[in-house]
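S.K.: structural data only, the sequence is not supplied:
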């Protein structure tokens, strides 16, 4: 595999998950996006966009940004966040809103741990997402899945529930690997990136102190985003550099995200973008 400097066109582009600045974006979408553009970003990953696609599209256009990917539930009747559950709309509603914004790939961001504990439930998840593929195509879209660490609690014949799910899903379904949460799930993250190969569309670039045990295990204590000791990319426990190198030529978007920004959120985003650029990990 060639070194990034030899193949600049193969490097991913930087993006940021808008959940990182959920409070600021909810209060003032236009100003928030302007700040991201000032930092030097050209792409964002949409979040909570279904109820106001026209407002978000107008703010994106005004700031000169786009949202090639977006998070919205396709596999659950409720969308979990560390701070509470949000009722979910029908897939058709999600896909129509995404198309209006300009999202190209709609990524389901979370499925609760209880649905990852048996082979039958994992197979049901794969079948459900497979059924959305052709529906999404009628809107000119593709779909994908984003992990946390609950997908790595159970294993079947030595294969994690996550990789069993990947094997059962339509090859047209994209994967967005959250590198922090994969580490929290006890994974060798660069090796996992290598195994996923061309299925990877994006990674979440997130760092910090990785929990000593999987926080999504059924017997783990309850937690919220405020309990996560997250840090600027490149300053925590997650092997981000090795993982990004392992995904050379496959990853299209390196998406900055904080569940719990350690300081001023825009400064935190800028610091992670500097890590990506200074390390030659994005173009």
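M.R.: Structure received. As the structure is a prediction and not an experimental result, all values here were calculated from the model.

S.K.: beyond the lowest-mean-pLDDT helix or strand in the chain, next helix or strand please.
M.R.: Within the chain, no helix or strand scores below strand 78-81, which has a mean of 68 by mean pLDDT, DSSP states H and E. Next in sequence after strand 78-81, counting helices and strands by DSSP states H and E, comes strand 84-87.

S.K.: now the helix or strand immediately after that next one in the chain: how far from the chain's centre is it?
M.R.: Using DSSP H and E, the helix or strand that follows strand 84-87 in sequence is helix 91-101. Distance of helix 91-101 from the chain centroid (Cα atoms, centre = their mean, to the nearest Å) equals 18 Å.

S.K.: list the helices and strands the helix or strand just after helix 91-101 packs on?
M.R.: As assigned by DSSP H and E, the chain's next helix or strand after helix 91-101 is strand 105-108. Counting by 3 or more Cβ pairs under 8 Å, 6 or more residues apart in numbering; DSSP states H and E, the packing neighbours recorded for strand 105-108 are strand 66-71, helix 91-101, strand 142-146, strand 174-178. (Each C-beta comes from the backbone N, C-alpha and C, glycine too.)

S.K.: next SSE after strand 105-108?
M.R.: Downstream of strand 105-108 (by DSSP H and E), the next one is helix 119-138.

S.K.: ok so, going back, can you add distance to residue 160 and mean neighbour count and give the helices and strands packed on strand 105-108 back as TSV?
M.R.: Shown next, in TSV, are those (distance: least, Cβ to Cβ, whole Å; neighbours: other Cβ atoms under 10 Å):
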stretch	distance to residue 160	mean neighbour count
strand 66-71	22	23
helix 91-101	26	20
strand 142-146	14	24
strand 174-178	13	24
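
S.K.: switch those over to CSV; also include mean pLDDT.
M.R.: Output for these, formatted as CSV (pLDDT from 0 to 100):
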stretch, mean pLDDT
strand 66-71, 98
helix 91-101, 98
strand 142-146, 98
strand 174-178, 98
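
S.K.: so which of these gets nearest residue 117?
M.R.: strand 142-146 (17.0 Å; Cβ to Cβ).

S.K.: what about the helix or strand following the closest one, average pLDDT?
M.R.: Following strand 142-146 in sequence order, the next helix or strand is strand 155-156 (DSSP H and E). For strand 155-156, mean pLDDT is 98.

S.K.: how far away from the center of its chain is whichever helix or strand comes after strand 155-156?
M.R.: Later in the chain than strand 155-156, the nearest helix or strand by DSSP H and E is strand 159-160. How far strand 159-160 lies from its chain's middle: 21 Å, per Cα atoms, centre = their mean.

S.K.: mean confidence for strand 159-160?
M.R.: pLDDT averaged over strand 159-160 gives 98.

S.K.: parallel or antiparallel, list what pairs with it.
M.R.: Here strand 159-160 is paired, per DSSP bridges, with strand 155-156 (antiparallel).

S.K.: list the contacts of the strand it pairs with.
M.R.: For strand 155-156, the external contacting residues (Cβ atoms under 8 Å, 6 or more residues apart in numbering) are 119, 122, 161, 164.

S.K.: okay, strands next: where are they in the stretch 151-283 of the chain?
M.R.: 155-156, 159-160, 174-178, 200-205, 207-208, 230-231, 253-256 (DSSP state E, counting those that start in this stretch).

S.K.: please name whichever of these is nearest to residue 68.
M.R.: Judging the strands of the stretch 151-283 of the chain by Cβ to Cβ, what sits closest to residue 68 is strand 253-256, at 6.8 Å.
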